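*Asks:* Pasting the sequence and the predicted coordinates here, then a few questions.
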Amino acid sequence: MLHVIILMLCTYYGTTISDAYGQNLPTRNYVLSLDEFLEQNPEVEQFFNLIRFHPYFNNTLHWKSGTLFAPNNTALEEYLRFNNGKIDDNTLIYHFCNIPTPSREMDDFISSDLPRNPPIWITNTIKELYVNDARVIKRDLRLRIGSEHIVHTIDRVLVPTVPNSASGGSDLNNPDAKKFLGASSAYNTTKGFAISEFVGQIATLKRQESFHNVGKHTFFIPINSGFQKTSIHNVDNKVLDGHIIPGQILFLPSVPLDREIQTLTFESNDPTLAYQNFNIFISFEKLNRTDVETWNVISNNMIDDQNSGSRYRKGKVQAEIVRGNIPVRNGVIHLIKRPLVVIDTTIYEVLEAQGNQDGGQMFEFFRVINDFGRHTGIYELLQRRDGRRLTLFVPSNEAIAKSRTFVNTVTNRTALIEILQLHILEQELTTDNIFNTSLQTNTPLEAYSVRRDWKLHFSVIRDGNQRVILVEGGGTTGATIIQSDIGATNGVIHIINRVLGIEDQNMYEKLRTEYMLESTFRLSNENNYNEIFKDETQRYTFFAPSNGGWDKFSLKNPLDHSRLFQGGYSSRKILDRHLIIGQELTIEDLKNVSSAFGKELGTRYTIPTFTDSIRVASIHDPDWIKVKERYGEGSTNTETTRYYGQKQHFSGRVYGDYKYIVFWYNKECYVVRPNIKTTNGIIHIIDYPFIVPSDVVAGARYHVISLFSLVLIFLPIIW
């Protein structure tokens, strides 16, 4: 009821209201004079000052009703700034259609009043309404200048595709894509970019009709300079179809940023143009720049074509849109910096291209590589062309900016090189490799980095309907792959949202967020035990049982496990046994000390854990541990990690690459993931907890005694 009253009031007073999406709804039939209109809508005053005394509008608006798309003052000022302070007649007239069309009646396009009536394309995303590349701010305003008109205010000036005055020729008005490509130099909308190389290849392949098809399509046209490194002969029918999106008009401000779009490679009915196992998707990326709006288009070949060489390898290719939103009769054209689909540059060359693009996701990382990677072997590694393939993980600009530790590390050349090496694998690891391995084995994946003593850990989690890959290396928690599988001739690039090898969480935060330690964190919540891990002034070494380790304990001792995790007794004693306070010890430190003490004392190497720092224990006490490095022996362990390309099955035994064993009491626990750094310590994930059933029995007995004591206390009262 309230909504109806507000609607009536707004209708009476000649104002607009917003719907649930913040858009202005048509709320009135009250028609305003021009002065009244500008008094209520001063944000479009400059546009109406231009057309008020313009000969075309001075005559047309008085005797012909129509639709006006009025750019706001900000849009008009920006256009004039980039066009020498001038706006031509064709551009002004392109904002008028001789049929009054309210927003609810808009279809795919509205015919403008320019010669041959070139279309103004309509995109309705439900939340927003766009005309070409301009967003409608206010819609369905009523204006009387002689005749009645419908006005929609917009946030950009609409630019028509018309020949420049020197070219002349009415046959060039309202071109389709084919005509535009054939006479591109005649149009000012190209902004001086030449496209003759690509156009010539279209003619060689006899594919002009693909740009003449009636309908609404999106075309990506590489400029000539994009073929300085790429041979034009790499553009064949396969590649050409990857530059066309059929049946959709995608002006940049309205493009969906969260999905990939099928290209013509999916729809060809011509047997000579249908490509088995060659389907190209297109997606868009808007760069984070404040000075000018910049977009990339990204092609994604989903299936590797092994018979075509590296040119059609599976992977993504990025190209900057250097001139976008060129409307034509059968769609829209975007001029791009380089051809899509073709993978013909090394990892370093891909970085370099992105590094020269201010605001590109790899801009900051390339600066570091370029400044410090030369003469260290990293530059040569990323440039190699010997057939061996790599994987590079590139932290985004935001990730580098947020990592104060990394910024400080830049001054330490040795530490910086080690961090850079951690981001490189000497094997190609695509997202499909990670997904498939996780699906087949139900285990995370690990692979050695170029920095041989560090490994990267990969896990797949679900975020709604999306699968998300988390990468960890050197203590970094949950670095998410935010852009994947960018192809290169010598490997693949993934962009991540954190810098690897930089400890940026304390032990509490790490336990809380680490996917392999959910059970340990849940147990440590009892009696707020894990609060000690928030202390940044202290140093800890923690042997943390993995989820799989607790599961194995549950299989052997289901009742004890249930009591333990239902809070049936205090878990403090058990967790104390896993913790060393006051020292931050890597697994190598533990092994080295083990060897030294074992030789000197002639006994089994022991390290006191937290419990033992309170009381003195014999060397055979179960609260003492020792660490040993193993050399090639097999293990019956089936714990959560699988090494990419390095796991084997033999006689029913699984041979992992668990290099270290922790001995506790009469048990052997494999170190699944050592040396996870935090800001106040180190975590070593082990495959079984330091626990025996008597621990639980003792704890349970304590609670039984306590309960009995309570009964004795209250018994006299009851009596």
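*Replies:* Arrived safely.
*Asks:* I'd say Asp400 and Phe366 touch.
*Replies:* Residue 400: Ile, not Asp. No. Contact criterion CB atoms under 8 Å: Ile400 and Phe366 do not qualify, at 10.7 Å. Backbone N, C-alpha and C define where each C-beta goes, glycine included.
*Asks:* Give me the common contacts of these two.
*Replies:* Counting by CB atoms under 8 Å, 6 or more residues apart in numbering, Ile400 and Phe366 have no contacts in common.
*Asks:* Show the contacting residues for the residue lying closest to Ser196 once chain neighbours are set aside.
*Replies:* Spatial nearest neighbour of Ser196, excluding adjacent residues (CB to CB, 6 or more residues apart in numbering): Asn224 at 6.3 Å. Residues in contact with Asn224, defined by CB under 8 Å, 6+ apart, are Phe193, Ala194, Ile195, Ser196, Glu197, Phe198.
*Asks:* from those residues, which is closest to Glu293?
*Replies:* Phe193 (17.1 Å; CB to CB).
*Asks:* Just give the closest residue to that closest one, not the sequence neighbours.
*Replies:* Looking at Phe193 with CB to CB, 6+ apart, the closest residue is Ile223, at 4.5 Å.
*Asks:* which ones among the contacts of Asn224 are found in helices?
*Replies:* Secondary structure from DSSP state H places Ser196, Glu197, Phe198 of the contacts of Asn224 in helices.
*Asks:* Show me which of these are buried.
*Replies:* Burial by neighbour count, judged by 16 or more other CB atoms under 10 Å, picks out Glu197, Phe198 from these.
*Asks:* got CSV for the ones in helices among the contacts of Asn224, with distance to Tyr379 too?
*Replies:* Output for those, formatted as CSV (distance: CB to CB, whole Å):
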residue, distance to Tyr379
Ser196, 35
Glu197, 31
Phe198, 32
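*Asks:* pretty sure Glu148 is touching Ser33, no?
*Replies:* No. Glu148 lies out of contact with Ser33 (CB under 8 Å); the separation is 11.2 Å.
*Asks:* Make sure Phe553 is actually in contact with His561.
*Replies:* Yes. With contact defined as CB under 8 Å, Phe553 reaches His561; the gap is 5.7 Å.
*Asks:* circling back to that earlier point, what is the burial count for the residue nearest to Phe193?
*Replies:* 22 (other CB atoms under 10 Å).
*Asks:* Please apply the same query to Lys86.
*Replies:* With other CB under 10 Å as criterion, Lys86 counts 8.
*Asks:* try Leu420
*Replies:* 24.
*Asks:* residues in contact with the residue lying closest to it once chain neighbours are set aside?
*Replies:* Once flanking residues are discounted, Leu420 sits nearest to Ile378: 5.7 Å by CB to CB, 6+ apart. By CB under 8 Å, 6+ apart, the contact list for Ile378 reads Ile369, Ile417, Leu420, Gln421, Ile424.
*Asks:* Give me the subset of those residues lying in helices.
*Replies:* Ile369, Ile417, Leu420, Gln421.
*Asks:* Secondary structure element holding Val662?
*Replies:* Assigned by DSSP states H and E, Val662 belongs to strand 660-664.
*Asks:* ditto for Phe48
*Replies:* Secondary structure from DSSP H and E places Phe48 in helix 45-52.
*Asks:* for that helix, packing partners?
*Replies:* If you count contacts as 3 or more CB pairs under 8 Å, 6 or more residues apart in numbering; DSSP states H and E, helix 45-52 packs onto helix 34-40, helix 55-63, strand 66-71, helix 73-82.
*Asks:* quick one: which of those is nearest Arg413?
*Replies:* Comparing the helices and strands packed on helix 45-52 by CB to CB, helix 73-82 comes nearest, at 43.6 Å.
*Asks:* Run the angle between the closest one and helix 45-52 for me.
*Replies:* Here helix 73-82 runs at 70 degrees with respect to helix 45-52, directions being taken by axes from the mean of the first three to the mean of the last three CA atoms, to 10 degrees.
*Asks:* Understood, closing this out.
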